[in-house]
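> give me coordinates for this.
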Amino acid sequence: MSGEFLVQWGWVLWLALILIFVIIEVFTLDFTFLMLAGGSLGGLVAGFFQAPLWAQIVVAGILALLLLFVVRPPLLRAFRKGGDPTLSNVEALVGLTGVVVTENASRSQVKLANGETWTARLVDGLDGELIEGDRVVVTAIEGATAVVVPAPRKEGQIS
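Model (predicted):
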């Protein structure tokens, strides 16, 4: 009975799979579930040609794999091609220079080149302290603290 049911109503199962994959794709936007929906569409088409259930599954699986490994990568590259390469948020702060504006034994305040003032500390393993007026370069952001190193001195620059 169940075999006859699947043969007769298999198209409904394929449509349900396609619908589920498309809904998941709307939330992930990664084209993975869209490719799986395409594979399921292949299984649906195979079912319309009276292929047995095992053949429908094989067609769906092979088509989904082909779509995942052949169509998806160029599709992702095409959609990411026009993306804005400008760094933002924390990534934009790494590499900025700044000047120590207040000094403290454990934490100092540094005014960065973009105008923001951050709590700062020297990178681990570096001896010394941050002294008011020192120029620094941000190497990382840890929470609300900029991890800095002394900026390289330019030729002819007075300390």
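> every contact and neighbour count from this point should use C-alpha atoms.
Will do.
> quick one: contacts for the spatially most central residue of the chain?
Nearest to the geometric centre of the chain sits Asp30, at 10.2 Å (C-alpha atoms, centre = their mean). For Asp30, the residues meeting the contact criterion (C-alpha atoms under 8 Å, 6 or more residues apart in numbering) are Leu76.
> kindly report the same for Gly61.
Residues in contact with Gly61 (C-alpha under 8 Å, 6+ apart) are Gly39, Ser40.
> doesn't it belong to a helix?
Yes: assessed with DSSP: H, G, I helix; E, B strand; the rest coil, Gly61 lies in a helix.
> quick check, pLDDT for it.
The score at Gly61 is 96. That number is its pLDDT.
> i'd like the first residue to be 14 from this point on
Sure, I'll start numbering at 14, so the last one becomes Gly74.
> so Trp24 is in contact with Gln63, correct?
No: counting by C-alpha atoms under 8 Å, Gln63 is not a contact partner of Trp24; they are 10.7 Å apart.
> of those two, which one has the most company?
Between Trp24 and Gln63, counted using other C-alpha atoms under 10 Å, the more crowded position is Trp24 (18 against 13).
> buried set for the helix or strand harbouring the more buried one?
Secondary-structure assignment from DSSP states H and E places Trp24 in helix 15-41. Residues Gly23, Trp24, Trp27, Leu28, Leu30, Ile31, Phe34, Val35, Ile37, Glu38 are the ones in helix 15-41 that count as buried (16 or more other C-alpha atoms under 10 Å).
> thinking again about what came up before, surely the residue nearest to the centre of the chain is in a helix?
No: the assignment for Asp43 is coil, going by three-state DSSP, so no helix is present there.
> with adjacent residues omitted, what lies nearest to Val113?
Excluding the flanking residues, the one nearest Val113 by C-alpha to C-alpha, 6 or more residues apart in numbering is Val123, at 4.3 Å.
> same question for the least confident helix or strand in the chain by mean pLDDT: list its buried residues.
Lowest on mean pLDDT, DSSP states H and E among the helices and strands of the chain sits helix 103-106, with a mean of 80. By neighbour count on 16+ other C-alpha under 10 Å, the buried set for helix 103-106 is Leu106.
> so where's the chain shaky on pLDDT?
Screening the chain residue by residue with the criterion pLDDT under 70, one finds the ranges 14-20, 96-101, 118-119, 167-172.
> that one: strands as residue ranges?
Taking DSSP state E, the strands of the chain run over residues 110-115, 121-125, 130-135, 148-155, 158-163.
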